[in-house]
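Peer 1: Sharing a sequence plus its predicted fold:
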Amino acid sequence: MPGPPQAEFSGGQPRSRLDRLPPQSFFAVSAVFHYLGPSLAVLLFARVDVLGVAWLRVASAALVFALWRRPWRLAGRLSAAEWWNLVALGAVLAVMNSVFYLAVDRLPLATVGAIEFLGTVILAAVGARTRRNAAALMVTTAGVVTITSVRIAGQPLGFVFAFANCALFMLYIVLGHRIANAGGRQAPGTGTGRPANIDRLAGAMAIAAVTATPWGLGGALPAFAHPVLLLAGAGVGVCSSVIPYVADQLAMARLPRATFSLMLALLPVFATVIGAIVLRQIPTVQDASGITLVVLGVAIHQQERKQGGLRTAGIGRAEGIPDLPGHDELRHRGRTRLAP
């Protein structure tokens, strides 16, 4: 007997109400919370050590994921390669969140955001090698240089952390896409049809919490004596690591890596707006110029995705073409076309 419509598969992905939403909507949710959480974390730095706040973020997110997704059900159902990918993502999340907070403790949120997403344009350029994409990378790099040139003499360590976060964010995108592509099946042992990629993300977050404990737990201990601080730390975790990472997985499952990377490079704008509203970090004229160059580089790159009437991301797969029988011939040259 055929299952219900929402349990049907199309191109390896289960159909559900979420599939009716455009993937850009998940990006918008992720964009808002990606910097809202850290901006709230900066306010906690006066009461809790920076690495302690980072640990509270990761640990509280891991607890929420554990109660919600019960990732231990993955035990015994993943291959060795899948487990290594999970462990790698957990380690990246632990270190990335820590160096990100060390960076925003020393630099404006918008500056760290612009540097962070230089890596996303590099990933997008690797995915689609054209002259326009090369120009996009040059413009974006010029924007980052414009932003950093003012403060690099006064905060060199902050920029070290910011560029380390940039490299780790690139790894997060690569590893996150592997999990998103491996998911989309029924969650192991549940029989509920939940997206397996979210369950794998929950397992990676648990690994991240364990990984960050040696350098973060000590700084977080003062918060345990103040319920308000502990609750604020948990709120940072939900806003920073639960909502945006889940939204990222939902978007990654439906967007090629080059396209997703390109959209992420728009986030310096969100960082600037949220930093100005929450932290009163008003950007200078040079900051605004650099951020404008970053956004311009993104716009230049996006225009290259239309080729031959099909929207592409330069990695050999057309977007917007449903995974239905007979459509595969539209994606690959040299294949016999279907008879009308």
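Peer 2: Cool, got the structure. Residues are numbered from 1 along each chain as shown.
Peer 1: Quick check: what element follows the one helix or strand Ala204 maps to along the chain?
Peer 2: Taking DSSP states H and E as the criterion, the element that holds Ala204 is helix 196-220. Per DSSP H and E, helix 196-220 leads on to helix 227-237 as the next helix or strand towards the C-terminus.
Peer 1: now that next one: mean pLDDT?
Peer 2: The pLDDT scores in helix 227-237 average 93.
Peer 1: That helix relative to helix 196-220, how many degrees between them?
Peer 2: For the pair helix 227-237 and helix 196-220, the angle between their directions (axes from the mean of the first three to the mean of the last three C-alpha atoms, to 10 degrees) equals 140 degrees.
Peer 1: Report all helices and strands that the helix holding Ala204 contacts.
Peer 2: Counting contacts by 3 or more C-beta pairs under 8 Å, 6 or more residues apart in numbering; DSSP states H and E, helix 196-220 packs against helix 50-69, helix 80-104, helix 156-182, helix 243-252. Where C-beta positions appear, they are placed from N, C-alpha and C, glycine not excepted.
Peer 1: Counting neighbours, which bits of the third one end up buried?
Peer 2: Buried positions in helix 156-182, judged by neighbour count with 16 or more other C-beta atoms under 10 Å: 158-159, 161-180, 182.
Peer 1: burial measure for Ser261, as a count.
Peer 2: Ser261 sits with 28 neighbouring residues when counted by other C-beta atoms under 10 Å.
Peer 1: element containing it?
Peer 2: helix 257-264.
Peer 1: before we move on, the earlier item: among the helices and strands packed on helix 196-220, which comes closest to Ser30?
Peer 2: Between Ser30 and the helices and strands packed on helix 196-220, the shortest gap by C-beta to C-beta is with helix 243-252, which sits at 3.8 Å.
Peer 1: As CSV, could you dump the C-alpha coordinates of that closest one?
Peer 2: Listed next in CSV are the C-alpha coordinates belonging to helix 243-252 (Å, rounded to 0.1, in the frame of the first residue of the first chain):
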residue,chain,number,x,y,z
ILE,A,243,17.4,28.0,14.6
PRO,A,244,20.0,29.1,12.1
TYR,A,245,21.7,25.7,11.7
VAL,A,246,18.4,24.0,11.2
ALA,A,247,17.5,26.6,8.6
ASP,A,248,20.9,26.1,7.0
GLN,A,249,20.3,22.3,6.7
LEU,A,250,16.8,22.9,5.2
ALA,A,251,18.3,25.3,2.6
MET,A,252,21.4,23.1,2.0
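Peer 1: How far does that helix sit from its chain's centre?
Peer 2: The chain centroid and the centroid of helix 243-252 are separated by 7 Å, computed with C-alpha atoms, centre = their mean, to the nearest Å.
Peer 1: Report the angle between it and helix 227-237.
Peer 2: Using the same axes, to 10 degrees, one finds that helix 243-252 and helix 227-237 are set 10 degrees apart in direction.
Peer 1: Let's verify Leu78: helix, strand, or coil?
Peer 2: At Leu78, secondary structure determined by DSSP: H, G, I helix; E, B strand; the rest coil is coil.
Peer 1: Does it touch Leu86 like I think?
Peer 2: Yes. The pair Leu78 and Leu86 qualifies as a contact (C-beta atoms under 8 Å) at a distance of 7.0 Å.
Peer 1: so which of the helices and strands packed on helix 196-220 gets nearest Gly237?
Peer 2: Ranked by C-beta to C-beta, the member of the helices and strands packed on helix 196-220 that lies closest to Gly237 is helix 50-69, at 3.2 Å.
Peer 1: same for the closest one, what does it pack against?
Peer 2: On a contact count with 3+ C-beta pairs under 8 Å, 6+ apart, helix 50-69 meets helix 23-44, helix 80-104, helix 196-220, helix 227-237.
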